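> What shape does this take:
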Amino acid sequence: MLVFIFQVWELLFKMDYIKPGIYVLLRRKNLVKVIKIEEKKGSAKERQVQLGRDTIDISDVLGYKIGSIFKLVHQKGRNFKAVFTDRVSDLTDVVLEGIGSGEDNQSQWDDNTSQKLSHQEIAQLRKEGTSAADIVKQLVENNAAFELKTGFSQEKYVKKKEEKYFEYIEVLRPSIRLIAQMLYAQNPLKILNLRIDMLSQILTRANIRSGGRYLVFENSSLGLMTAAIMERVGSVGTVYQIHGGSGAPNQCIEYMNLSEVRHILKTFSFVNLKKLMNMKPCFEDTSEDSTETEQISMDDEKLRIGEKRKLEEINDLETAKKPKMSIKNWEDACSAWKEIQEMPLDGLVIVTRQPEPLVLPLLKLLAPSRSFAIFSPHIEPLTSSYSSLKSSGMALNLRLSETWMREYQVLPNRTHPEINMSGGGGYLLYGTTCIKNV
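Now for the predicted structure:
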């Protein structure tokens with residue numbers, strides 16, 4: 001009982017506290033960055049993080065709970081030190097206290113002449129380490145038209161300035177939602193325009209759950225889809241990851257701190273899988289301890305020997321032409337292929353620009369009545385895949401969909417859709433496998 005309690009406590013400690021060797025998210029208003037807490041080996045710059053234009057020393061964040069808030073204490077120039085705090089002051093109430101407001105904004109002109117402070121003076125205030133509250137106060141006091149604005153416009157102005165000069169950071173545990181939103185905000189093309197709403201649709205349509213065995217092919221999405229599947233499968237199940245290039249994109253897997261469930265991930269290239277799929281089954285049990293009484297006929301024995309020689313020739317070819325890493329990839333592919341042959345898979349997820357050449361070969365590896373989901377940022381490859389699946393008779397309940405998402409601002413007396421929104425989050429083809437009628 002005591003051992004169990006200690007193991008639970010140790011697990012909670014590993015999850016809930018900031019310690020070296022883990023990835024965390026630093027959030028400063030809308031600015032988010034993922035970093036790895038490195039072991040300190042003597043250099044003062046080892047735990048300095050560049051966040052926007054500021055350099056932040058995060059040496060003192062170790063030992064605090066994940067989710068803690070730290071205040072940025074000015075050091076020199078654009079250098080700050082993160083110091084723990086348990087309270088965050090709201091600039092809106094502090095700055096707007098005792099300031100009147102106008103009835104409307106009809107007489108307001110955005111010609112940049114209302115502000116008396118110059119850019120050089122504002123930069124000097126930041127260089128001297130003036131607090132965010134004092135900078136915003138001076139901006140308000142030196143704005144000739146501020147008191148003519150409506151109360152809503154004044155609050156919006158202060159919020160905008162507070163976001164620019166915000167002096168607090170929050171250390172968060174990486175999650176698929178936060179990582180997907182961060183990557184999409186930085187550059188949507190890096191993750192094939194895969195928005196968080198479409199990511200959740202893929203997980204739902206492919207019926208990803210704990211204990212399942214799933215095949216995922218993704219290209220140019222930094223391992224985001226694989227990390228999401230691994231997080232949902234947990235420590236019970238298997239995730240077979242196929243990549244099309246020289247290596248698997250596992251950047252997001254590292255961000256998610258999934259080292260404890262890394263054993264469920266088996267990675268190999270599509271080239272090796274295609275070679276194995278073109279070969280006949282050759283994984284009979286040949287151990288001396290086998291108790292099977294079935295006699296193998298001469299024809300079957302010759303076939304098995306022939307296939308074994310074929311496999312050895314391919315191995316020799318790979319050994320001669322490719323480095324040791326490629327040999328290991330081939331061995332991993334053979335091991336995974338043996339498992340897939342023994343038991344068909346529970347689901348398939350494809351995330352790539354051109355999924356059509358992959359759909360039919362990979363769909364054959366699924367058991368009947370299993371779900372699959374295919375994502376592409378373009379609709380044309382999915383329409384071709386839809387037609388191929390329809391004519392093949394390998395799937396039913398096929399659907400081709402696009403998710404439309406728009407965020408809303410929810411505030412008293414001014415709830416409305418956001419002015420800026422995403423133009424598109426890609427397209428999704430999903431369905432269920434079935435036994436082809438002969």
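> Just the C-alphas of the helix or strand hosting Gln201, formatted as CSV.
Here Gln201, judged by DSSP states H and E, is contained in helix 196-205. Taking Å, rounded to 0.1, in the frame of the first residue of the first chain, the C-alpha atoms of helix 196-205 are listed here in CSV:
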residue,chain,number,x,y,z
ILE,A,196,-7.6,22.4,-33.6
ASP,A,197,-11.2,21.9,-34.6
MET,A,198,-10.2,19.7,-37.5
LEU,A,199,-7.7,17.8,-35.3
SER,A,200,-10.5,17.0,-32.9
GLN,A,201,-12.7,15.8,-35.8
ILE,A,202,-10.0,13.4,-37.0
LEU,A,203,-9.6,11.9,-33.5
THR,A,204,-13.4,11.4,-33.3
ARG,A,205,-14.0,10.1,-36.8
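> Who are the packing partners of it?
Here helix 196-205 touches helix 176-186, helix 224-233, strand 366-376, strand 427-433, going by 3 or more C-beta pairs under 8 Å, 6 or more residues apart in numbering; DSSP states H and E. C-beta here means a position set from N, CA and C on the backbone, and glycine is covered the same way.
> Go again with 6 Å.
In terms of contacts (3 or more C-beta pairs under 6 Å, 6 or more residues apart in numbering; DSSP states H and E), helix 196-205 is packed against helix 176-186, strand 366-376.
> quick one: buried residues of it?
Within helix 196-205, the residues scored as buried using 16 or more other C-beta atoms under 10 Å are Ile196, Met198, Leu199, Gln201, Ile202, Leu203, Arg205.
> Quick one: mean pLDDT over that helix.
For helix 196-205, mean pLDDT is 95.
> For Gly102, give its distance to Glu147.
7 Å (C-beta to C-beta, to the nearest Å).
> Check Thr433 too.
Applying C-beta to C-beta to Thr433 and Glu147 gives a distance of 67 Å.
> pLDDT below threshold where in the stretch 301-438 of the chain?
Along the stretch 301-438 of the chain, the parts satisfying pLDDT under 70 run over 301-326, 437-438.
> can you give me the strands for it?
Applying DSSP state E, counting those that start in this stretch to the stretch 301-438 of the chain gives strands spanning 345-351, 366-376, 395-402, 408-409, 416-417, 427-433.
> most tightly surrounded among the ones you listed?
Mean neighbour count (mean count of other C-beta atoms under 10 Å) peaks for strand 345-351 among those, with a mean of 24.
> Just the angle for it relative to strand 366-376, thanks.
Put simply, strand 345-351 runs at 10 degrees to strand 366-376, going by axes from the mean of the first three to the mean of the last three C-alpha atoms, to 10 degrees.
> what are the pairing partners of strand 345-351, and which direction each?
strand 213-218 (parallel), strand 366-376 (parallel) (DSSP bridges).
> Can I get these in a markdown table including distance to Arg53?
Formatted as a markdown table, the strands paired with strand 345-351 follow (distance: least, C-beta to C-beta, whole Å):
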| stretch | distance to Arg53 |
| --- | --- |
| strand 213-218 | 33 |
| strand 366-376 | 36 |
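> out of those, nearest to Asn329?
Among those, strand 213-218 comes nearest to Asn329, with 15.3 Å by C-beta to C-beta.
> Relative to Leu429, how far out is Thr403?
In terms of C-beta to C-beta, Thr403 sits 13 Å off from Leu429.
> Equivalent analysis for Lys266, please.
25 Å.
> where exactly do the strands run in the stretch 1-150 of the chain?
Counting by DSSP E, counting those that start in this stretch, one finds strands in the stretch 1-150 of the chain at the ranges 23-28, 31-36, 48-51, 54-57, 69-76, 79-85.
> Render the CA-only coordinates of the longest one in PDB, please.
Output of strand 69-76 as PDB, limited to C-alpha atoms (Å, rounded to 0.1, in the frame of the first residue of the first chain):
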ATOM      1  CA  ILE A  69       2.700  32.900 -12.700                       C
ATOM      2  CA  PHE A  70       6.000  34.800 -12.700                       C
ATOM      3  CA  LYS A  71       6.600  38.500 -12.800                       C
ATOM      4  CA  LEU A  72       9.200  39.900 -15.200                       C
ATOM      5  CA  VAL A  73      11.600  42.000 -13.100                       C
ATOM      6  CA  HIS A  74      13.700  44.400 -15.200                       C
ATOM      7  CA  GLN A  75      17.400  43.800 -15.200                       C
ATOM      8  CA  LYS A  76      19.000  45.800 -18.100                       C
END
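> who touches that strand?
For strand 69-76, contacts defined as C-beta atoms under 6 Å, 6 or more residues apart in numbering pick out Phe80, Lys81, Ala82, Val83, Phe84, Thr85, Gly129, Glu167, Tyr168, Ile169, Glu170.
> mind redoing it with 8 Å?
Residues outside strand 69-76 that contact it (C-beta atoms under 8 Å, 6 or more residues apart in numbering) are 54, 56-58, 60-61, 64, 80-86, 88, 129, 167-171.
> Could you do the first one as well?
The contact list for strand 23-28, computed with C-beta under 8 Å, 6+ apart, reads 18, 32-37, 49, 51-52, 56, 58, 66, 166, 168-174, 178-179, 182, 254-257.
> what does the third one give?
Strand 48-51 is contacted from outside by Leu26, Arg28, Leu31, Lys33, Ile35, Thr55, Ile56, Asp57, Ile58, Ile169, using C-beta under 8 Å, 6+ apart.
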